[in-house]
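Trainee: whatever this is, show me its structure:
(4 chains)
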There are 2 protein chains.
Amino acid sequence: MKKSSLEDVAKAVGVSKTLVSMVLNGKAGQYGISKKTEERVWKAVEEMGFKPNATARKLRTGKSNVLGLIVADISNPFYAKIARSVEDAAQKKGYHLLICSSDEDAKREADLISILADQHQVDGLIVSSTLEDATMFDRLYKQNIPFLLLDREFANEMFPSVTVDNRKGAEILIQHLIDKGSNDIGLISLSPSHLSSLKNRVNGYRDALEKNGISFKDELIREVSFASLREDISKEVEFLLDKSRQVKAIFALNNIVALYTLEAIHQKGLRIPEDVALVSFDDIELFKFTSPPITAISQPLEKIGEHAMEVLFTLMGNKDNQVPNNSADHRVVLPVDLMVRRSCG
Amino acid sequence: MKKSSLEDVAKAVGVSKTLVSMVLNGKAGQYGISKKTEERVWKAVEEMGFKPNATARKLRTGKSNVLGLIVADISNPFYAKIARSVEDAAQKKGYHLLICSSDEDAKREADLISILADQHQVDGLIVSSTLEDATMFDRLYKQNIPFLLLDREFANEMFPSVTVDNRKGAEILIQHLIDKGSNDIGLISLSPSHLSSLKNRVNGYRDALEKNGISFKDELIREVSFASLREDISKEVEFLLDKSRQVKAIFALNNIVALYTLEAIHQKGLRIPEDVALVSFDDIELFKFTSPPITAISQPLEKIGEHAMEVLFTLMGNKDNQVPNNSADHRVVLPVDLMVRRSCG
DNA sequence: TTGAAAGCGCTAACAA
DNA sequence: TTGTTAGCGCTTTCAA
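Mentor: Numbers count the residues shown, from 1 in each chain, chains lettered A, B, ... in the order given. Coordinates of the predicted model:
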């Protein structure tokens, strides 16, 4: 069974391809095509089960209704939720998503960006970037390819982005710990630690200490590697919870770190929150079910997708007109919520 | 900055588009292009940062290196893991994935299949289908579009598929419960219950009872709706754990059901496993961290992706030759593992 | 060893 | 109110 083309439909109806194309694109009125002809076209389209070839259309118009989404790891529930949120928002506008995982690998991410932008020529690109320098995005900008940074941004650049208020979130979280009586709070970060989201969380941590007149101790900030999370975290938990340090609470900088930290604490035979409190950024479903449930900062995931699409949509409409990509309108920072559970008393 | 085309490269080197195309596709040797010319072409390609336009290529050759993946919900960690597994396997062969969620909605799934197959004309389609009848896939078969069913299949059809041994898995799981002393075992299924994976799990449950001479009680099989899981499950847990029924264990048919069941049991103030045991199909990371950790059947997720790509790859190579889609070689059933944790004593 | 030309299926400018 | 034609960027005959 061969797929039918515009030409087949045109022949069947006895009109030109042009006319069929016009009807299909809802321009029958605009071109003053007679109602009767239009109906005959629709009927044939229906009967033949004709579906316009998106590839040909893309080649001609430059529009494919496909967007690229690059995240660190689609199997991380946090990104999976974000992806779903973006998918839903995109779907409402008739777009679909090419989803790729970069594994926080700069080379891989750069490759993916190039493949999606240069080869597949997606209409727009949404990236939760692991890159440290912005040249890749400068290039996209110069190439006039609409793109949007998600979750992470670049310090000195004004690229369009949708992020959450990481700094404020961390501050609220730490303030909560302090209110609960913890003063010596360990922090477990992870590399690549240049990520804006992580940096801002550390800043929020410092803000909270400062506001409460607690002195900042460099040695309480630990960093583990993405490649060897489990072992590193076990070691750092050991380090932080050494009696000499009097650490009574640990701030895990993201959901995965929180999980391994929880595991490490359990393995040491310590109780949460009696022996040590635990809080995390990136609230995930799982945190409701752990023992004990973990207090965390929750991000407005549905909003993230909605805003992402809204901004990107604007950008895509503005491909070659005056509104510059670096307009402040194109930088959205969403508020976060503190989810209080039982992991800090 | 405009993207460069084959023509630009050709002009820069002073040769024809044909030649550049040949070089780019690694056919320089095959056509006897001189080493010197080839080098000049590569140099120009490099300098100009030329990337072949995948859309144009697709239009000409029919190949896009894009596959479609349709799952119920990409934010369900089970599907997220599967997606990642497929992504990795696909990536190794140079393919990327258009990922869509159907929300177990038949209409939506059918639409997605049509959009991916007919409009975007993906090279292949991987579907974890929620459909009850197979006409959609009959159509794909007739259209010669390579596709593969994942996780779920159709009872009387021999479509290519990669599934796990749901029946055996459920049997092992229930046997484990019986060994631990449970005889009256409730089962919480969910609609759409026509899914082969779910049906087979119920069959496995019956197999185990039968082998142990335990009489099957219809009223112990409960079904909840995908749309109102939480409330339904709360009700069914209430029903099953009513004293009159003496149910000492509950089998949750998938991961989401398990979570809500866990929640419902906790809310009733009952202890697991002392008051009631709980087991689940679909092992997910989370089950290691719940209180108590949940005994479950684990599926070989990486293998699923690998086999999926292997089968699909064969199919794609066989688009129009003799090997029929319904060859037994194209139906893979993978074994599963019992992960014993603390939720059944 | 290389090039010219046709054509994949569509849309849009222009003509009628 | 409808049709003709060119061309998006590529690959692939066929010819030289």
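
Trainee: interface residues of chain A facing DNA strand C?
Mentor: Within chain A, the positions adjacent to DNA strand C are A:3, A:5-7, A:17-18, A:21, A:24-25, A:50, A:52-53, A:56-57, A:59-61 by C-beta under 7 Å from any atom of the strand. (Glycine included, C-beta is placed from N, CA and C.)

Trainee: just the buried ones from those?
Mentor: Neighbour-count burial (16 or more other C-beta atoms under 10 Å in any protein chain shown) is assigned, among the residues of chain A next to DNA strand C, to A:3, A:5, A:6, A:21, A:24, A:50, A:52, A:53, A:57, A:59.

Trainee: make a markdown table from these and add secondary structure to it.
Mentor: Putting these into a markdown table (DSSP: H, G, I helix; E, B strand; the rest coil) gives the following:
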| residue | secondary structure |
| --- | --- |
| A:3 | coil |
| A:5 | coil |
| A:6 | helix |
| A:21 | helix |
| A:24 | helix |
| A:50 | coil |
| A:52 | coil |
| A:53 | coil |
| A:57 | helix |
| A:59 | helix |
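
Trainee: looking at those, spot the one nearest chain B.
Mentor: Lowest distance from chain B to those (C-beta to the nearest C-beta) belongs to residue A:59, with 5.0 Å.

Trainee: for that closest one, report the pLDDT, please.
Mentor: If you check residue A:59, the pLDDT there is 96.

Trainee: so what's the closest residue to DNA strand C within the stretch 151-300 of chain A closest to, chain neighbours aside?
Mentor: Using C-beta to the nearest atom of the strand, residue A:160 is the residue of the stretch 151-300 of chain A that sits closest to DNA strand C, at 25.6 Å. Leaving aside its chain neighbours, residue A:160 sits nearest to residue A:330 (3.6 Å; criterion: C-beta to C-beta, 6 or more residues apart in numbering or on different chains).

Trainee: now do residue A:109
Mentor: Among residues not flanking residue A:109 along the chain, residue A:102 sits closest, at 3.9 Å (C-beta to C-beta, 6+ apart).

Trainee: mind listing what the residue of the stretch 101-250 of chain A found nearest DNA strand C touches?
Mentor: Per C-beta to the nearest atom of the strand, residue A:121 is where the stretch 101-250 of chain A lies closest to DNA strand C, at 13.6 Å. Counting by C-beta atoms under 8 Å, 6 or more residues apart in numbering or on different chains, residue A:121 touches A:58, A:62, A:64, B:53, B:54, B:55.

Trainee: tell me which of these is nearest to DNA strand D?
Mentor: residue B:53 (3.5 Å).

Trainee: OK, contacts around that closest one?
Mentor: A:119, A:121, B:3, B:5.

Trainee: possible to save the residues you listed as CSV with pLDDT?
Mentor: Below are the contacts of residue B:53 laid out as CSV (pLDDT from 0 to 100):
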residue, pLDDT
A:119, 96
A:121, 96
B:3, 84
B:5, 93
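
Trainee: so what's the residue of the stretch 201-345 of chain A at minimum distance from chain B closest to, chain neighbours aside?
Mentor: Using C-beta to the nearest C-beta, the closest approach of the stretch 201-345 of chain A to chain B is made by residue A:291 at 3.2 Å. Using C-beta to C-beta, 6+ apart and skipping the chain neighbours, the partner closest in space to residue A:291 is residue B:291 (3.2 Å).

Trainee: tally of neighbours for that neighbour?
Mentor: Residues near residue B:291, counting by other C-beta atoms under 10 Å in any protein chain shown, number 15.

Trainee: quick test: name the residue nearest the centre of chain A.
Mentor: Nearest to the mean C-alpha position of chain A, by C-alpha atoms, centre = their mean, lies residue A:150 at 4.4 Å.

Trainee: per-residue confidence, the residue found closest to that residue once you drop the neighbours it is linked to in the chain, what does it come out as?
Mentor: Nearest residue to residue A:150 in three dimensions, chain neighbours excluded: residue A:128, at 4.5 Å (C-beta to C-beta, 6+ apart). On pLDDT, residue A:128 comes in at 97.
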